[in-house]
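Q: Provide a 3D model corresponding to the input given below.
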Amino acid sequence: MKKLISIIFLLGIIAAGIFLYIRNVDVDINYDRFNLVAPGVLRTPVERFNNIVGYPFKENYLTIGDTRIHYLDEGPEDGEIIYLLHGEPAWSYLFRKMIPTLTEAGYRVIAPDMVGFGKSDKYISIDDYSHQMHVDKMTQLIRMLDLNNVTAHLHDWGGLVGFRVIAEEPDRFSRIISSNTSLIAPGYGFFRNLMTYISYPLFKLGIWFQGPATWEEFIGGDGFTGWIRYSRYTDNIDVGGVMQTLGNVSDAERIGYEAPYPNATYKAGAQIFPYLIPSELRKNEKAYRDVFEKWNKPFLIANSDNDPVTSNNPRMVEMLKRVPSAQEIVIEGPGHFLQEEAGPEYAQLIIDFINGNPEPFSKERVVTSIKL
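A: This is a model prediction of the structure:
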C-alpha cells in the first residue's frame, strides 16, 4: 500500500511539472531576439537609436538598484539646472526641440528616461513596475548627481512621478513648471480620506468590468478610461500611434518614439503606467500636506488649450492650486505634447519663468498627416 501511494505521489509531481511547463512555455518566443542583461531585465540594443531624427545628444548612465538609467546632461556644467521629466509613452526624445534653446541660454539640462522607457533598462513583467518604484529611481538619480537649485519641468505622467520626487527632496528644487499634468489626491475631509483606501481597488474593478478597449475605442472614446483600458489589456501598445495621435509627430519622428521597443516584450512599462495613476492617493495627499501646501517658491501651471487631458478634467488644475504660490497661464494652439508642437517657444517660456516674467504664447497648430 505504501509503495502504491509513493508511486501515485511521484506521478502527481511529474504531472504537475509537465502542466507547469506546458502552461509557461511559449513556442512563439525566440529569446535570441531579447537583450537580457539580468533576470527579468531587458536593455534596448544601441543600434535601435542610430540615425533617429534630431537626437544628437551624448549618452549618460547611472546604475540604480537592478537597472541602468539613461539621462541627458547637456549644457555648461556650472549652469543653472533645468530638470525635464517625460511622461507616457515618451522618453527624453520628447525634449530634443527644447534643449538647444535652453543650453544656448547657459542652462544645464538633465533629462532622464524612466525605467521601461527610452535608453533605460526595462522590466519584462508588468508586476515589477509601480508608482513608488519610479519615484524611488528618479529620487535616487537626483541624489547621485547631487543636483541643487533645480527648476523642474513636469509633464503628463512625469508630473505624477516628479511631484513625489520633489516632495522627497524639496530643498533641491527652486521652482516648478507643470504642463498638462497634475498630482492626483483627494483633499481634506473624512469621506475623501476614506476614498484613499478604496479608490484604487474600485478603479481596478471598474477597468476589469469594462474590459479591453480597441485602438478605435481609445482614440474615439472618452479619453482617460479608454486609454487605460487600451494600454492595460493590449498585447502590443502602439507607441508610435499614440504619439502621432496626441503629439502630432511626423512619420520620421514616430520612428524615434518607437526606437526603444524592438518588440512587444520591451513595452511592459508603457503598457502598465496608466494603470498605476490612482495607486498612491494617500502618498500624494501626504505630499500636498507636508510639502506643496507650504511651497512658497515659484510654481507655474502652463497647460495648452488643445490638451484633451487637462481641458476635459478641470479638477486636475484645481488640485495644483492647493500650492500657495501657484500661478496659471494658458498656451494657445498646441495639443497634449506641446514640447513637440512648440518646443523652442516652450523652452523660452521656461527661461522667462526662471527670470520671473512668464507670459503665455500662442502658436498655430498644423496637424501632420499621419499613417496609423
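Q: going forward, measure contacts and count neighbours with C-alpha atoms only.
A: Noted.
Q: mind listing the strands for this protein?
A: 36-38, 41-42, 60-64, 67-74, 81-85, 108-112, 122-123, 150-155, 173-179, 299-304, 326-331 (DSSP state E).
Q: okay, those, which one's buried deepest?
A: Stretch with highest mean neighbour count among the strands of the chain: strand 122-123 (a mean of 28; mean count of other CA atoms under 10 Å).
Q: helices or strands next to that strand in the packing?
A: The contact analysis (3 or more CA pairs under 8 Å, 6 or more residues apart in numbering; DSSP states H and E) places strand 122-123 against strand 41-42, helix 268-272.
Q: same thing but at 6 Å, please
A: Packing partners of strand 122-123 (3 or more CA pairs under 6 Å, 6 or more residues apart in numbering; DSSP states H and E): strand 41-42.
Q: Touching the strand it packs on from outside, list them.
A: With CA atoms under 6 Å, 6 or more residues apart in numbering as the test, strand 41-42 has contacts from Asn35, Leu36, Asp121, Lys122, Tyr123, Ile124.
Q: can you rerun that using 7 Å?
A: If you take CA atoms under 7 Å, 6 or more residues apart in numbering as the criterion, strand 41-42 is touched by Phe34, Asn35, Leu36, Asp121, Lys122, Tyr123, Ile124, Tyr266.
Q: okay if I get those residues as TSV plus pLDDT?
A: Converted to TSV, those look like this (pLDDT from 0 to 100):
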residue	pLDDT
Phe34	68
Asn35	83
Leu36	88
Asp121	98
Lys122	98
Tyr123	97
Ile124	96
Tyr266	96
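Q: okay, these in CSV with distance to Gly106 next?
A: Shown next, in CSV, are the contacts of strand 41-42 (distance: CA to CA, whole Å):
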residue, distance to Gly106
Phe34, 40
Asn35, 38
Leu36, 39
Asp121, 30
Lys122, 33
Tyr123, 36
Ile124, 39
Tyr266, 36
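Q: Which of the strands of the chain has the lowest mean pLDDT?
A: Ranked by mean pLDDT, the strands of the chain bottom out at strand 36-38, with a mean of 87.
Q: Indicate each strand paired with it and its parallel or antiparallel sense.
A: strand 41-42 (antiparallel) (DSSP bridges).
Q: From the chain's centroid, how far away is the strand it pairs with?
A: Centre-to-centre, strand 41-42 and its host chain are 18 Å apart (CA atoms, centre = their mean, to the nearest Å).
Q: spatially speaking, which residue is in the middle of this structure?
A: Gly87 (3.1 Å; CA atoms, centre = their mean).
Q: what about this structure, any weak spots by pLDDT?
A: Scanning the chain for pLDDT under 70 picks out the ranges 1-34, 220-223, 366-372.
Q: Sketch out the helices for the stretch 151-300 of the chain, chain order is fine.
A: Under the criterion DSSP state H, counting those that start in this stretch, helices of the stretch 151-300 of the chain are mapped to 157-168, 190-210, 215-220, 224-233, 239-247, 251-258, 268-272, 281-290.
Q: Ok, which of these comes nearest Asp307?
A: Checking the helices of the stretch 151-300 of the chain against Asp307 by CA to CA gives helix 239-247 as the closest, at 8.5 Å.
Q: ok, and what's touching the closest one?
A: With CA under 7 Å, 6+ apart, helix 239-247 has contacts from Pro89, Val249, Arg254, Ile255, Tyr257, Glu258, Gly335, His336, Phe337, Glu340, Ile370, Leu372.
Q: Quick check: Arg254 vs Tyr93, distance?
A: The spacing between Arg254 and Tyr93, counted by CA to CA, to the nearest Å, is 11 Å.
Q: got it, and Tyr266?
A: Counting by CA to CA - Tyr266 and Tyr93 are separated by 17 Å.
Q: Asn312 now?
A: 27 Å.
Q: the more surrounded of those two?
A: Comparing Asn312 with Tyr93 by other CA atoms under 10 Å, the one with more neighbours is Tyr93, at 23 against 13.
Q: Could you tell me which residues make contact with that one?
A: Tyr55.
Q: again, only using 8 Å
A: Tyr55, Gly118, Gly256, Tyr257 (CA atoms under 8 Å, 6 or more residues apart in numbering).
Q: How about Ile110?
A: Per CA under 8 Å, 6+ apart, neighbours of Ile110: Tyr71, Leu72, Asp73, Glu74, Ile81, Ile82, Tyr83, Leu84.
Q: let's see 6 Å
A: So Ile110 contacts Leu72, Asp73, Tyr83 (CA under 6 Å, 6+ apart).
Q: ok, it to Phe218 distance?
A: Counting by CA to CA, the gap from Ile110 to Phe218 is 33 Å.
Q: Can you add distance to Ile354 and give the strands of the chain back as JSON lines?
A: As requested, the strands of the chain are exported to JSON lines (distance: least, CA to CA, whole Å):
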{"stretch": "strand 36-38", "distance to Ile354": "41"}
{"stretch": "strand 41-42", "distance to Ile354": "38"}
{"stretch": "strand 60-64", "distance to Ile354": "26"}
{"stretch": "strand 67-74", "distance to Ile354": "18"}
{"stretch": "strand 81-85", "distance to Ile354": "10"}
{"stretch": "strand 108-112", "distance to Ile354": "13"}
{"stretch": "strand 122-123", "distance to Ile354": "34"}
{"stretch": "strand 150-155", "distance to Ile354": "8"}
{"stretch": "strand 173-179", "distance to Ile354": "8"}
{"stretch": "strand 299-304", "distance to Ile354": "10"}
{"stretch": "strand 326-331", "distance to Ile354": "14"}
